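# predicted model follows, preceded by the sequence.
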Amino acid sequence: MKANFQPQKRFLLCFFLILLSVNCLWSQRPKVGLVLSGGGAKGMAHIGVLKAIDSAGLKIDYVTGTSMGSIIGALYATGYSGKQIEKITKDLKWDELLSGKPIYEHVSIDEKDEYGQYSVEVGVKNRKLQFATGLIDSQELWLVLNRLFLPVYNIKDFSKFNIPFKCIAVDLSNGRPVVLSKGDIVTAVRSSMAIPSVFTAVDYEKTKLVDGGIVRNFPVKDVKEMGADVVIGVNLFTGLPDISKLNNVLDVFYQITQYRDADDLVEEKKLCNLVIEPALEKYSAGSFDSTDSIMDIGDKIGKMYYPYFKHLADSLNAKYPIVYDANNRLPKVDNIIIDEISFVGIEKTSKSLLLEKLQLKTGNAYTAKQINNGFRKAFSSRYYENIYYSLEPTTEGHAKLICKVHEKLLTQLKFGLSFHSFTGPAILFNVTMRDLLLKKSRTMAKFALGENFRTLLEHRQIFGPKANNYFDLTWERQNLPLNRYDGSQKLYVYGVKYSQLDLNYTRVIDNDWNLTAGISYQKNRFSPDVVSDDSYDGYISNYYGYLLSESITTDRPNFPTRGYVFSTQAGVVFNRKAQIVYSPADGSPAQDISSSLNNVDNYYKFMINFTQFHPLDKKWTLFYTLQSAVCLRSQGFIIDNFYMGGIQQLFRQQIVFAGLNEQQINSSSTASGMLGMQYNFAGSLFLMGRANTGMYNFSTLTKAWDSNNVKSINGFSLGLGYNLGFLPMELTAMYSPEIGKVYSHIKIGFLF
């Protein structure tokens, strides 16, 4: 800090001596202007300066800002104090604000199956791929800004704020600065921070606006034009950083936007009476994971300049006394009565579906949180690139809600990479078409192109007054191996071609809980890769009627830190057909055993799985799993049984169990419990330990519990994970003392 302080010390002393001596030149109180520059994550340093200004009792008369400076400046201008802005900032989840995707917790359970399962999603229009004007649309940022600026929803002239305010954006069509001083404050600040190619451009009148930092990152001229006599500027741009410090896409694009502004900065700084430049060389525009450290630097620089703010405030107040309280400037607005709901941008999607998702009705009063939750649910329907709103005041406490919709193209192509120790490498490809056959529908074709081909075709039709009912018709085909083990020794591998036609009805009870009833026709065709003794060759088909309930409340699909995953299923297998040839272990001639499995009595399946995640602090997460699966009155044929082993759920009859490979134990009855710890030791890197114990073979054809046959198993694992959004990874070492062998397990990318 001293490096920034000493060169200005002599100037500052002269500056304040001049202020004290020229009071006679002003016939009215001098106006103090505050200018906050852009800087991405570095903008958090502005907050410490605001806190020092408030503590000194210095009244600011005008505020201008660009990019992050426009957001913080607008909050301050509308009435938030420095301390309030600090609290707001510390409560923000930057990964959610900057993701551009729905927050996983808000995604309806009927969409969670496909959420976050691909590296790339691209819309298709007129048989051409369509790309957005930026990588991040940031739906959540729009909603957070709407909530924060609700107290001034009825003020459309920014000069009428508690402190008059302006911010700077750039007209994308001609590269010229646009000074925003009227209209919707949320749209204004969102435009000012729309870094080109990073954040999507913002529609404005007949053009599009992007980050004002391209041409005027430090808008001092504008605060002078507003009438400021004394200008305090907080500048976060002290020159283009070394190329070695550009660590991510946000840093690179922010660097590009500063080329033109570097020359303008010199002239703007000359107009300031005081320029504050925090020492932030080690941070970049994209350092949102270091906001606490940046705010600490802001606090230190604020305390350093506090004496000067205090001297200026005391000098002005001595000559021009005023009553001023920095902490009570924000208008109090708890809720808004919605008089009317209108839509901008709806062309192909359903207004009725949108209203059903929003759950907002005219004539009712709503808080910003309630309105935002409605828009989050609508966004999570995956029909929209983003959907936000503005409030147009009508009468006192009332407003017209204007829904601003950017529709997602109804046809989406999705691509992902997958490598798993069990299924091998694959390219995931998905085509999703909404409203293809009827309104409120999702039609999907999904493929895994690789060593083990898999495909799924689905049509989902949504209906009901709250859009919380749907029918699913699916057909799937999977070619996966079925391994047979004796302890640690793999005996042989079956090639299995599994197909299923399924029809079900689902009622979404709540956003994260549903109930399903369905019936499916299933067929397994299998044969050993190498013909050997004690093996089967043939097929089994049957019908399966079932009831299913699922609930998912976790905060993210990969490496969750809170919430739970629950599923339970009960069903009956009936009308079995079989054609199987068995090669006995003793080498005797092969036998047709079809009659022993053909048209046997119905048998019953029960499965339950519950996994809970508990955050212990910011780094540590405790999690545990309880699961059980039982076939009652089953003949225990290998295809009918459950498969213990593996870390991730890959197929419906699997019971995950750290310490075993997938399918290492084949049984008609299993139960297990697992306890684990997850440690986020750096950025997106995780260390995970698991310990589980279980039992199997406790149920037979004639007994639900057979103590003579029950066996126990234990297992442990230690894994390293990397939550790279477009390609998550996990590497695990496993061991079971009963098996006596260490196994490795690799997962890269996504699961089918």
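Cool, got the structure.

# surely Gly183 touches Lys166?
No - look at Gly183 against Lys166 with CB atoms under 8 Å: they stay out of range, at 11.6 Å. In this view, the C-beta of every residue, glycine as well, is placed from N, C-alpha and C.

# more crowded one of those two?
Using other CB atoms under 10 Å as the criterion, Gly183 and Lys166 rank with Lys166 on top: 26 against 15.

# wait, doesn't the more buried one sit right on Met226?
Yes - applying CB under 8 Å, one finds Lys166 in contact with Met226, separated by 6.7 Å.

# overlap in contacts, these two.
Residues touching both Lys166 and Met226 by CB atoms under 8 Å, 6 or more residues apart in numbering: Thr64.

# how close does Ala578 sit to Ser595?
For Ala578, the distance to Ser595 (CB to CB, to the nearest Å) stands at 8 Å.

# so the two - more neighbours on which side?
Counted by other CB under 10 Å, Ala578 and Ser595 do not tie: Ala578 has more neighbours, with 20 against 10.

# mind checking the SS state of the more buried one?
The three-state label given to Ala578 by DSSP: H, G, I helix; E, B strand; the rest coil is strand.

# contacts only, for it.
538-541, 594, 597-598.

# recalculate using a threshold of 7 Å.
For Ala578, the contact set (CB atoms under 7 Å, 6 or more residues apart in numbering) comprises 538, 540, 594, 597-598.

# pLDDT score for it?
At Ala578, the pLDDT value in this model is 92.

# with Val210 instead?
Model confidence at Val210 (pLDDT) stands at 86.

# just confirm it is within a strand.
Yes - the assignment for Val210 is a strand, going by three-state DSSP.

# quick one: it from Tyr305, how far?
Val210 is 32 Å from Tyr305, by CB to CB.

# my guess is Gln461 contacts Leu473. True?
No - using CB atoms under 7 Å, Gln461 makes no contact with Leu473, being 8.3 Å away.

# using CSV, write out every CA atom in stretch 159-174.
Provided in CSV are the C-alpha atoms of stretch 159-174 (Å, rounded to 0.1, in the frame of the first residue of the first chain):
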residue,chain,number,x,y,z
SER,A,159,-31.0,11.8,-11.2
LYS,A,160,-33.9,11.2,-8.8
PHE,A,161,-32.0,8.6,-6.8
ASN,A,162,-30.7,9.4,-3.4
ILE,A,163,-27.5,10.3,-5.2
PRO,A,164,-27.8,11.2,-8.9
PHE,A,165,-26.1,8.5,-11.0
LYS,A,166,-24.9,7.7,-14.5
CYS,A,167,-23.1,4.7,-16.0
ILE,A,168,-21.4,4.0,-19.3
ALA,A,169,-22.1,1.4,-21.9
VAL,A,170,-21.0,1.1,-25.6
ASP,A,171,-23.2,0.9,-28.7
LEU,A,172,-22.2,-2.3,-30.3
SER,A,173,-23.1,-1.0,-33.8
ASN,A,174,-20.7,1.9,-33.8
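
# in this protein, which spans are helices?
2-21, 46-56, 68-78, 82-91, 94-97, 139-148, 185-192, 220-226, 249-270, 291-319, 351-358, 368-379, 594-597 (DSSP state H).

# output the below-cut-off pLDDT ranges for the chain.
1-27, 131-137, 196-198, 238-263, 530-533 (pLDDT under 70).

# in it, which residue is closest to the centre?
Ile103 (4.0 Å; CA atoms, centre = their mean).

# residues contacting it?
96, 140, 376.

# of all the residues you listed, which comes closest to Tyr492?
Using CB to CB, Glu96 comes nearest to Tyr492 of those, at 48.2 Å.

# the closest one reaches Gln139, doesn't it?
No - assessed by CB under 7 Å, Glu96 is found out of contact with Gln139, at 9.7 Å.

# these two: who's more crowded?
Between Glu96 and Gln139, counted using other CB under 10 Å, Gln139 has the larger neighbour count: 27 against 21.

# residues in contact with that one?
Counted by CB under 7 Å, 6+ apart, Gln139 has contacts 379, 386, 388.

# the same query, at a cut-off of 6 Å, please.
379, 386 (CB atoms under 6 Å, 6 or more residues apart in numbering).

# same question for Asp113.
So Asp113 contacts nothing (CB under 6 Å, 6+ apart).

# check the one 4 residues further on too.
Applying CB under 6 Å, 6+ apart to Gln117 gives the contacts Phe750.

# report the beta-bridge partners for the closest residue to Ile195 other than its chain neighbours.
Leaving out its chain neighbours, the residue that sits closest to Ile195 by CB to CB, 6 or more residues apart in numbering is Asp211, at 4.6 Å. Taking DSSP bridges, one obtains Ala169 as the residues bridged to Asp211.

# what about Asp211, neighbour count?
By the measure other CB under 10 Å, the count of residues near Asp211 is 28.

# so Lys182 touches Asp157, yeah?
Yes - in terms of CB atoms under 6 Å, Lys182 counts as a neighbour of Asp157; the distance is 5.3 Å.

# mind checking which of these two has more residues around it?
Taking neighbours as other CB under 10 Å, Lys182 and Asp157 compare with Lys182 leading, 14 against 10.

# give the contact list for the more buried one.
Counted by CB under 6 Å, 6+ apart, Lys182 has contacts Asp157.

# please repeat the previous calculation with a cut-off of 8 Å.
156-158 are the contacts of Lys182 under CB under 8 Å, 6+ apart.

# give me the neighbour count for the closest residue to Ser596 other than its chain neighbours.
Once flanking residues are discounted, Ser596 sits nearest to Gln635: 7.6 Å by CB to CB, 6+ apart. When neighbours are defined as other CB under 10 Å, Gln635 has 16 of them.
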